[in-house]
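>>> What follows is a predicted structure for the sequence shown.
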Amino acid sequence: MNDTTPHPALAATDPELAALVGAEEQLQAETLRLIPSENYVSQAVLEASGTVLQNKYSEGYPGRRYYEGQQNIDQVETLAIERAKALFGVDHANVQPYSGSPANLAVYLAFAEPGDTVMGMALPMGGHLTHGWGVSVTGKWFRGVQYGVRQDTGLIDFDQVRELALKERPKVIFCGGTALPRTIDFAAFGEIAREAGAVLVADVAHIAGLIVGGAHPSPVPHADVISTTTHKTLRGPRGAMLMSREEHAKALDKAVFPGLQGGPHNQTTAAIAVALREAAQPSFRDYAHAVVANARALAEALLARGFDLVSGGTDNHLILMDLTPKEVPGKIAAKALDRAGIVVNYNTVPYDPRKPFDPSGVRIGTPSLTSRGLGTEQMAQVADWIDRGVAAAGSGDEDALLTIRAEVADLMASFPAPGLPV
Ligand code: DSN
């Protein structure tokens, strides 16, 4: 490495690690990243996360810390909190959870006792591990009851949700998930939760950026608590936030610290503050709507090529494809597409007869490609690569995959990614 390297100190101190970072930068530049929970953060977010705020311990909350020297950190955290409150339109925000799973654990700690019944969407139906699924601590230490989607429509069955909630009387109901291609009806969930006497938690990790950008309805005022990561469509650093009405503020804060965590990661808090400022700009509204427009265009183009999409399409940033009709298992397809420079993840589809580690589907999304400036006019090309890649996966045509990889890299070179060295 010479002094034009983007990370000169790292290159000098640890060339081995610097080389890995450089390789990852190249990979993220050259490939078409379609994992719906990933994105490219801005250079400003990257810089905030690499600051000396890293060096400071700040157990507690602004103005109430267990360590001195918080003159700047208190202001950083307050900025993040106030920006989150303004952007989401909530009374209270806690910006300290280390990531989505710890944020959700804090919710259980605030509102439930071990052994209590909790309710969420089943993982194979599109829910999240921490919504009470059996292999997670949330399904082991609580009694998780799970709802799903209808097999004929791929949509949430609200009759089932209501029936289950009234029968099981869970303390907490989670809505939201990780593989839901359709708009979440927060009002319907709110009504059911009130009827059942449960706390409604909207886990909007996947769609937080769409919500603040006006491209998905908001869970306010229907949910008691909003849980979100900050690094998906919101395009911030890897972190999380919990938001609520004032009545739940104390319980949530106490659950995050000292209930679950020690010192917050101040460099992450700073980067969250930056991301929230970016998300408050008019250009972010354009971004959020473009993410959805791209997903719709991509879904149409995939349907036109004979792909089977769960629920028949998408309302948001995410598409879940059942590859059963293509006779290519999801994992084989995902690995082949990776070799073709198209990064997706294999995923279960609702009522999947195959195992989670070798499921029938792949999950794709448009947040990252939209951050690079690709628009609806490029989606037919993206669908064509996916189509050819899945066909090549089925026939074992490695040359075809390499051809696609070169074409992808060629197009990506015209759409520089935020935060990556040129
Ligand atoms: N891992 C996240 C996702 O990919 O959706 C959820 O936690």
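Received it, and whenever you're ready, just let me know what you need.

>>> Quick one: name the residues of this protein near the ligand.
Within the chain, the positions lying close to the ligand (CB under 6 Å from any ligand atom) are 37, 100, 128, 178. For every residue, glycine as well, the C-beta is placed using N, CA and C.

>>> Next up, phi/psi of the residue lying closest to the second one once chain neighbours are set aside, please.
For Gly100, the nearest residue in space outside its immediate sequence neighbours is Thr229; the separation is 4.2 Å by CB to CB, 6 or more residues apart in numbering. Thr229 adopts backbone torsions of phi -80, psi 170, taken as degrees, to the nearest 10.

>>> Contacts only, for Gly389.
Applying CB atoms under 8 Å, 6 or more residues apart in numbering to Gly389 gives the contacts 333, 336-337, 340, 342, 400-401, 404.

>>> any idea how far the ligand is from it?
Using CB to the nearest ligand atom, to the nearest Å, we find Gly389 at a distance of 20 Å from the ligand.

>>> Look through this structure and tell me its longest helix.
Assignment by DSSP state H gives helix 282-304 as the longest helix of the chain.

>>> Return the list of helices and strands in contact with the following helix or strand past that one.
Downstream of helix 282-304, the first helix or strand assigned by DSSP states H and E is strand 308-309. Under the contact criterion of 3 or more CB pairs under 8 Å, 6 or more residues apart in numbering; DSSP states H and E, strand 308-309 touches helix 282-304, strand 318-322.

>>> Would you point to the one among the ones you listed that's packed deepest?
Most buried of the helices and strands packed on strand 308-309, by mean neighbour count (mean count of other CB atoms under 10 Å): strand 318-322, with a mean of 26.

>>> Okay, now the sheet partners of it, with direction.
strand 308-309 (antiparallel), strand 361-365 (antiparallel) (DSSP bridges).

>>> Measure how it sits relative to helix 282-304, angle-wise.
20 degrees (axes from the mean of the first three to the mean of the last three CA atoms, to 10 degrees).

>>> Residues touching strand 318-322, excluding its own?
Outside of strand 318-322, the residues within contact range by CB under 8 Å, 6+ apart are 36, 126, 179-181, 206, 295, 298-299, 302, 307-311, 313, 347, 349, 360-365.

>>> Tell me which residue of the stretch 101-250 of the chain lies closest to the ligand.
Among all residues of the stretch 101-250 of the chain, Thr178 sits closest to the ligand, at 3.6 Å; criterion: CB to the nearest ligand atom.

>>> Does the residue nearest to Ala84 when sequence neighbours are not counted lie in a helix or a strand, and which?
Counting by CB to CB, 6+ apart, Ala93 is the residue found nearest to Ala84 once chain neighbours are left out, at 3.7 Å. Applying DSSP H and E as the criterion places Ala93 in strand 92-94.

>>> Each with direction, which strands does that strand pair with?
For strand 92-94, pairing defined by DSSP bridges yields strand 240-244 (antiparallel).

>>> Next, the buried residues of the strand it pairs with.
By neighbour count on 16 or more other CB atoms under 10 Å, the buried set for strand 240-244 is 240-244.

>>> with these in mind, which one is nearest to Leu109?
The shortest approach to Leu109 among the buried residues of strand 240-244 belongs to Leu242, at 11.1 Å (CB to CB).
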